[in-house]
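Trainee: no FASTA, just this:
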């Protein structure tokens, strides 16, 4: 019963009001895998890098018990690179540079031993590649979660709509939910998006928390108000990793348990932003996670009388 | 043991993507008083209007058991008028017209029978007028709540800082919290603002909910995700009215009870935006309020295991 994570493994160069980095290890699958590994095991990775990617970074994933048999290393090619600068409010950013490199010709190959995965987590990638992974599986996963972004809505909406038909849970942010549905109200947007395929929708609102929709049911998890947001890169992927990691560990895909999974995802994301890159998540202890979860309870619980 | 509400009683003309109104009754004290009246009684009003203000609107307040002995009616003068247009996202608006009229010379007079109020709710007004009301009281209220806005921070910061020294609870929005503190992180901003006087701070984030801070304690109440937001005018005042109305009714000013009060305020505000002006709040039944409160419980509650 494995969790298959598909997505980018990449280099990022990040500038925030608090400092800047040279090339550091990033990518959706890196954040998802690391985050999920804090909560569960049997995590398999499908991705691609160039031979410029440091073996130490692959070892770091292995040390977190993330299986990297599905990580292609392309000789003589370069790893996907993204560089961006965050504005003062940390809620918006400019892309300075995107070098697709190995991603341009990425042909995902799912190793035999991954093909019966229980949960499939499709990190943000070209929808047709996400679909190619899905098509290689020997059985339909019990739960398929897909993350995507506005870029694919702008450029390959038909492929995305096709992919959505096979998806149980979709995670997007509020602006993307509005774009995908053409509706401003997130409640109306959610209904429309769930009619496209996903039974469950998670709308990520960054520092404003996350909404979980399933049929007529809805749940809201706040983001933890923090003294310092150092680097938001990877927070959404870390959230997704916490979400699927918790579901994989608990083996319960009910709405009640998805509520918990959203809180776990929010807790993991709240750590991610405290330092540059993957550092905070990689070094995170389970007791820190448990402490933070209790803070979420204290933050959001009340009784009416 | 009365609740004294001070603020504007006004005419508004509102344009939203869903329609526009002629002059309708509005004003901070109107929304606060109406909202509080749904939860508590012994509500007294200090405000000013011109003789163009319809007696039916005053009767409407009286019918809600809001005492209007402190509502000055200025012969030959005109009521404060505000006109604004909301953008498509409803989160921002342009002021089209502001006619101060009677507000320009407003000299608040607190009737004798109001002077021993238990809770003082100072709605958004020039800080020096808020201070004048405070100074007329025969004893310090057990709880003073003050609402203000960026306009006063821009134009009379010294007066505002002076008023804050006497305040127990300050309610402002997130941008105002950042402006008042000079800090971007709301957690850091809250600490700084609480050092100015208020032991408790409520940061209103509109559709993104509300944060309650007291010392090191914090609580977050989400806004109810709605199918349709028709008119946001008065939502913040309706929130404040629900907050003080609940505290006045329950006679418990502890942090735990303030958490409930914030949820009550959020519930009242969620109704306010469903129709133009005060209509929805004026016609609201207690069973509707109770049903909405349960929706807030369902929206935000989870257990960790």
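Mentor: Yep, it's here. Fair warning: this is a prediction, and the values are worked out from it, not measured in the lab. Numbering: from 1, shown residues only, chains lettered A, B, ... in the order given.
Trainee: Check what pLDDT the spatially closest residue to residue A:22 that is not a sequence neighbour gets.
Mentor: Once flanking residues are discounted, residue A:22 sits nearest to residue A:13: 6.2 Å by C-beta to C-beta, 6 or more residues apart in numbering or on different chains. Every C-beta, even on glycine, is put in place using the N, C-alpha and C of the backbone. In this model, residue A:13 is scored at 96, pLDDT.
Trainee: With residue B:225 as the reference, measure out to residue A:13.
Mentor: Applying C-beta to C-beta, to the nearest Å, the value for residue A:13 to residue B:225 is 37 Å.
Trainee: returning to that earlier point: so the residue nearest to residue A:22 sits against residue A:23, correct?
Mentor: Yes: between residue A:13 and residue A:23 there is a contact under C-beta atoms under 8 Å: 5.5 Å.
Trainee: Run through the residues of the stretch 201-305 of chain A sitting next to chain B.
Mentor: Proximity of the stretch 201-305 of chain A to chain B (C-beta under 8 Å from any C-beta of the partner chain) is limited to residues A:205, A:208-209, A:211, A:218-222, A:225-229, A:259-260, A:263, A:293-294, A:297-305.
Trainee: rerun at 7 Å
Mentor: A:208, A:211, A:218-220, A:222, A:225-228, A:259-260, A:263, A:293, A:297, A:299-302, A:304 (C-beta under 7 Å from any C-beta of the partner chain).
Trainee: filter these to the buried ones?
Mentor: A:208, A:211, A:218-220, A:222, A:225-226, A:259-260, A:263, A:293, A:299-300, A:302 (16 or more other C-beta atoms under 10 Å in any protein chain shown).
Trainee: I'd like to know which of these are part of strands.
Mentor: A:211, A:218, A:219, A:220 (DSSP state E).
Trainee: Looking at the residues you listed, spot the one nearest chain B.
Mentor: residue A:220 (4.4 Å; C-beta to the nearest C-beta).
Trainee: Backbone torsions only: list them for the closest residue to the closest one other than its chain neighbours.
Mentor: Nearest residue to residue A:220, sequence neighbours excluded (C-beta to C-beta, 6+ apart): residue B:222, at 4.4 Å. Dihedral angles phi and psi of residue B:222 (degrees, to the nearest 10) take the values phi -70, psi 160.
Trainee: I am assuming residue B:222 contacts residue B:210, so please confirm or correct that.
Mentor: No: proximity of residue B:222 to residue B:210 does not meet the contact threshold set by C-beta atoms under 7 Å, at 8.4 Å.
Trainee: Helices along chain A, start to end?
Mentor: A:28-37, A:55-63, A:127-136, A:150-155, A:157-164, A:174-181, A:186-194, A:235-250, A:255-272, A:279-282, A:286-300 (DSSP state H).
Trainee: so of those helices, which one's packed in deepest?
Mentor: Across these, averaging neighbours per residue (mean count of other C-beta atoms under 10 Å in any protein chain shown) puts helix A:28-37 on top, at a mean of 30.
Trainee: Can you give the distance of that one from its chain's centre?
Mentor: Distance of helix A:28-37 from the chain centroid (C-alpha atoms, centre = their mean, to the nearest Å) equals 7 Å.
Trainee: Specify the angle between that helix and helix A:255-272 in degrees.
Mentor: Counting by axes from the mean of the first three to the mean of the last three C-alpha atoms, to 10 degrees, helix A:28-37 lies at 110 degrees to helix A:255-272.
Trainee: The residue nearest to residue A:22 touches residue A:21, doesn't it?
Mentor: Yes: Residue A:13 lies in contact with residue A:21 (C-beta under 7 Å); the separation is 6.0 Å.
Trainee: Between those two, which contacts overlap?
Mentor: Contact criterion C-beta atoms under 7 Å, 6 or more residues apart in numbering or on different chains; residues shared by residue A:13 and residue A:21: none found.
Trainee: show me what contacts the closest residue to residue A:35 other than its chain neighbours?
Mentor: Nearest non-adjacent residue to residue A:35, counting by C-beta to C-beta, 6+ apart: residue A:241, 2.8 Å away. For residue A:241, the contacting residues are A:31, A:32, A:33, A:34, A:35, A:36, A:268, by C-beta under 7 Å, 6+ apart.
Trainee: Among these, list the two that are farthest apart in space.
Mentor: Pairwise distances across the contacts of residue A:241 (C-beta to C-beta) peak at 12.0 Å, for the pair A:33 and A:268.
Trainee: Near chain B, which residues of the stretch 51-200 of chain A are found?
Mentor: Going by C-beta under 7 Å from any C-beta, the residues of the stretch 51-200 of chain A near chain B are A:88, A:89, A:184, A:185, A:186, A:187, A:188.
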